[in-house]
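1. give me coordinates for this.
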Amino acid sequence: MTDFLWETGVLIEAMRARPVGMDLPGGITGISIDSRSLKEGDAFFAIAGDRFDGHDFLTNARRAGAALHVVSEKRLPALGRMQAPMLVVDDVLAALGRLAEAARARSKAKIIAVTGSVGKTTTKEALRQGLSACGSVHASVASFNNHWGVPLSLARLPADSRFAIFEIGMNHPGEIRPLVKLVRPHAAIVTLIAAAHLGHFRDLDEIADAKAEIFEGIVPGGSAIINADDAKCMRLAAAAKAAGVTNVLTFGEAEGADFRMTEYDPDAEGAALIADIAGQEVYVRLSMPGRHFAQNTLCVLGAAHVAGADIAKVAEALAEWRAMKGRGERFQLPMPGGGEIILFDDSYNANPASMRAAIETLANAKLSENGRRIAVLGDMKELGGHSPTLHAELAEPLKDAGIARVLLVGEEIKPLAEALGDEEIECTTHKTPTEAEEQLFSDMRAGDAIMVKASRSIGLEKVVAALVDRYPPITQLDANGMAGETRAASEETSAHDFAPETQSQ
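-> As a prediction, the model looks like this:
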């Protein structure tokens, strides 16, 4: 007998749907809003977005094996004589939200929600990896963290999951509040407050207040987990208490943190750390270099502790945690004449805090003889009037990190070139990723370490793809310098039937 995610009768009741057509299935095995990634037995939700309308892809979904098609009452007449089992609803996105509510109501899982200006997806994936050692885990796919991604992720929650992790993002005030009240987490993490989307806010205090909306959905007796090293820690703690959260916990390196890093030992292949997790000493080996990964690990261990997981098992599982595509992946690329270069792919997104973290990672890279540190950087978007200053302020971290060569892509990052001046760092500016790619291929040599980072809209992943295509990786480096997968398994990262213009942060 097939294990259904949802029985059809329950779907009809939860979504207040009207069945149309013959031969309705007994249930569905999954939910999709993207006909390209749909699996046989899924229900296809024809969500209408700003760019695409899922109703235009119903034929594709049917051919892909959709068991059910959830469609809007208003679009039904236009579907003509389509012979397919359908559930008709008033509004498809609203119906998905009602199904998400039903999923949360039936779930006995320990629910963890994650937000913050940086590190949300990384923390969510680390939680997925660590908690998997203690039971079944459900987590948001990729960065599905907005008004459609959160209800979709929640509606996909299997009834028997022991743990569930949901990423919640925002671009403007008021966006987190309805999403966290849908998720109703037992624990809510705020990773860090930084100047992401500062163009939509007056200052960091406003960003902190918007992120603090996540505390409003915490269930009675639940926990808020915030960064003790964050300048906005006290503001967030006050907001959590004002929201009625009585268990406010902190993570970081600061004295008195509930989940505290007591030792940190980076090396060329990653780092080792020792943490005090509510009085329990825990050792963790990480495959990713960078203090920010270690700090993320602290809130992961803290959330696992709050969720009742076996911390020793979680810590052991984290040794197998790998950076996601575009979020710190590290590759060893062989050069035709001998030797190799090390490539850090951090091209997925960027803001001032994550830029500084990536520069620090490059600074700690172990170089071969005559090797250089090269940074390929692009615009950080949505910084508003703060953009020139925040870009220019990256000059000092680059100088302190011993970067020899900087290639800049875009218009907004040009103040950084001016700030670097004609000093020890060689700097060139480029209009497009293709221009930067051509310059990089001309400049680089065996022994170099190269880091690529920018806001996603700049498209620097094209530079990474060109490098990996021309010089197929020997390996993606792991914690012990041993061979690992050359590419993390690709996941559904966008939904062409309902693709958002930007991803919430």
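
2. please report how far Leu68 lies from Ile28.
-> Using Cβ to Cβ, to the nearest Å, we find Leu68 at a distance of 6 Å from Ile28. Placement of C-beta: from N, CA and C, glycine included.

3. who's more crowded, the two?
-> Leu68 (26 against 22; other Cβ atoms under 10 Å).

4. do you know how far the more buried one is from Phe44?
-> Counting by Cβ to Cβ, the gap from Leu68 to Phe44 is 7 Å.

5. strands of the stretch 101-250 of the chain, residue ranges please.
-> For the stretch 101-250 of the chain, the strands defined by DSSP state E, counting those that start in this stretch cover 110-115, 137-139, 163-167, 187-190, 223-227, 247-252.

6. looking at those, spot the one closest to Ser287.
-> Nearest of the strands of the stretch 101-250 of the chain to Ser287, taken as Cβ to Cβ: strand 137-139 at 19.3 Å.

7. okay, the closest residue to Phe144 other than its chain neighbours: pLDDT?
-> Once flanking residues are discounted, Phe144 sits nearest to Ser153: 5.2 Å by Cβ to Cβ, 6 or more residues apart in numbering. Note on Ser153: pLDDT of 97.

8. wait, Ser153 touches Asn146, no?
-> No - taking contacts as Cβ atoms under 8 Å, Ser153 lies outside contact range of Asn146: 10.4 Å.

9. of these two, who's got more company?
-> Ser153 (25 against 22).

10. how near is the more buried one to Leu394?
-> Taken as Cβ to Cβ, the span from Ser153 to Leu394 is 34 Å.

11. next one: Met22
-> From Met22 to Leu394 the distance is 62 Å (Cβ to Cβ).

12. same question for Leu68.
-> To Leu394, Leu68 is 50 Å away according to Cβ to Cβ.

13. just Ala243 next, same as before
-> 35 Å.

14. can you check Gly26 too?
-> 57 Å.

15. check Ala363 too.
-> 13 Å.

16. give me the more crowded residue out of the two.
-> With neighbours defined as other Cβ under 10 Å, Ala363 and Leu394 compare such that Leu394 has more, 23 against 19.

17. how about that one, what does it touch?
-> Neighbour list for Leu394: 352, 355-356, 359, 377, 416, 419 [criterion: Cβ atoms under 8 Å, 6 or more residues apart in numbering].

18. how many neighbouring residues does the closest residue to Ala46 other than its chain neighbours have?
-> The shortest distance from Ala46 to any non-neighbouring residue, by Cβ to Cβ, 6+ apart, is to Gly54 (3.4 Å). When neighbours are counted by other Cβ under 10 Å, Gly54 registers 29.

19. Gly54 reaches Leu38, doesn't it?
-> No - the pair Gly54 and Leu38 fails to qualify as a contact (Cβ under 8 Å) at a distance of 10.8 Å.

20. shaky segments in this protein?
-> Scanning the chain for pLDDT under 70 picks out 1-2, 197-199, 268, 475-505.

21. check it and tell me which residue is nearest its centre.
-> Geometric centre of the chain, nearest residue: Thr121, 2.3 Å, by Cα atoms, centre = their mean.

22. give the contact list for that one.
-> Taking Cβ under 8 Å, 6+ apart, we find Thr121 in contact with 142-143, 145, 167, 324, 327.

23. try it again with 6 Å
-> Ser143 (Cβ atoms under 6 Å, 6 or more residues apart in numbering).

24. any idea how far it is from Asp265?
-> In terms of Cβ to Cβ, Thr121 sits 26 Å off from Asp265.

25. one more: Asp346?
-> From Asp346 to Asp265 the distance is 22 Å (Cβ to Cβ).

26. and for Ile47?
-> 47 Å.

27. more neighbours, the two?
-> More crowded of Ile47 and Asp265, by other Cβ under 10 Å: Ile47, with 23 against 11.

28. which ones are touching the more buried one?
-> Contacts of Ile47 (Cβ under 6 Å, 6+ apart): 33, 54, 92-93, 498.

29. look up the closest residue to Thr428, ignoring the ones flanking it.
-> Distance criterion Cβ to Cβ, 6+ apart; nearest residue to Thr428, sequence neighbours excluded, is Leu407 at 5.7 Å.

30. wait, that neighbour sits on Leu377?
-> No - applying Cβ atoms under 6 Å as the test, Leu407 and Leu377 come out as separate, 7.3 Å apart.

31. those two: which is more packed in?
-> Higher neighbour count among Leu407 and Leu377: Leu377, with 29 against 25, using other Cβ under 10 Å.

32. that one sits in which helix or strand?
-> Using DSSP states H and E, Leu377 falls within strand 373-378.

33. contacts for that strand next, please.
-> With Cβ under 6 Å, 6+ apart as the criterion, strand 373-378 contacts 362, 402-410, 436, 448-454, 458, 460, 463.

34. just the buried ones from those, in PyMOL syntax?
-> PyMOL command restricting the contacts of strand 373-378 to the buried ones, with burial defined by 16 or more other Cβ atoms under 10 Å:
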select buried, resi 362+403+404+405+406+407+408+409+410+436+448+449+450+451+452+453+454+458+460+463
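
35. and the contacts of strand 373-378, which of them are in helices?
-> Among these, DSSP state H puts 362, 436, 463 in helices.

36. ok, the closest residue to the first one other than its chain neighbours - contacts?
-> Computed as Cβ to Cβ, 6+ apart, the closest residue to Leu362 that is not its neighbour in sequence is Met451, at 4.2 Å. When contacts are counted by Cβ under 6 Å, 6+ apart, Met451 is found next to 344, 358, 362, 375.

37. who does Met451 form a beta bridge with?
-> Taking DSSP bridges as the rule, Met451 bridges to Phe344, Ala375.

38. against Ala194, how distant is it?
-> For Met451, the distance to Ala194 - Cβ to Cβ - is 19 Å.

39. same thing with Ala164?
-> For Ala164, the distance to Ala194 (Cβ to Cβ) stands at 26 Å.

40. of the two, who's got more company?
-> Set Ala164 next to Ala194 and count neighbours by other Cβ under 10 Å: Ala164 wins out with 30 against 24.

41. what count of nearby residues applies to the residue nearest to Leu390 when sequence neighbours are not counted?
-> Nearest residue to Leu390 in three dimensions, chain neighbours excluded: Pro352, at 4.9 Å (Cβ to Cβ, 6+ apart). Applying other Cβ under 10 Å, we find 22 residues neighbouring Pro352.

42. please apply the same query to Gly337.
-> Gly337: 7 surrounding residues under other Cβ under 10 Å.

43. if I look at it, how far off is Gly410?
-> Going from Gly337 to Gly410 by Cβ to Cβ gives 32 Å.

44. quick one, phi/psi of the nearest residue to Ala278 once chain neighbours are set aside?
-> Computed as Cβ to Cβ, 6+ apart, the closest residue to Ala278 that is not its neighbour in sequence is His305, at 5.5 Å. Note on His305: backbone dihedrals following degrees, to the nearest 10 are phi -60, psi -50.

45. show me the contacts for His305.
-> Contacts of His305 (Cβ under 6 Å, 6+ apart): 277-278, 311.

46. give me that answer again for 8 Å
-> 259, 277-278, 280, 311.

47. among those, which are in helices?
-> Members of these lying in helices (criterion: DSSP H): Ile311.

48. compare the contacts of His305 and tell me which is most surrounded.
-> Phe259 (26 neighbours).

49. identify the bridge partners of that residue.
-> Beta-bridge pairing for Phe259 (DSSP bridges): Phe251, Ile277.

50. surely it is in contact with Gln280?
-> No - applying Cβ under 8 Å, one finds Phe259 not in contact with Gln280, separated by 9.9 Å.
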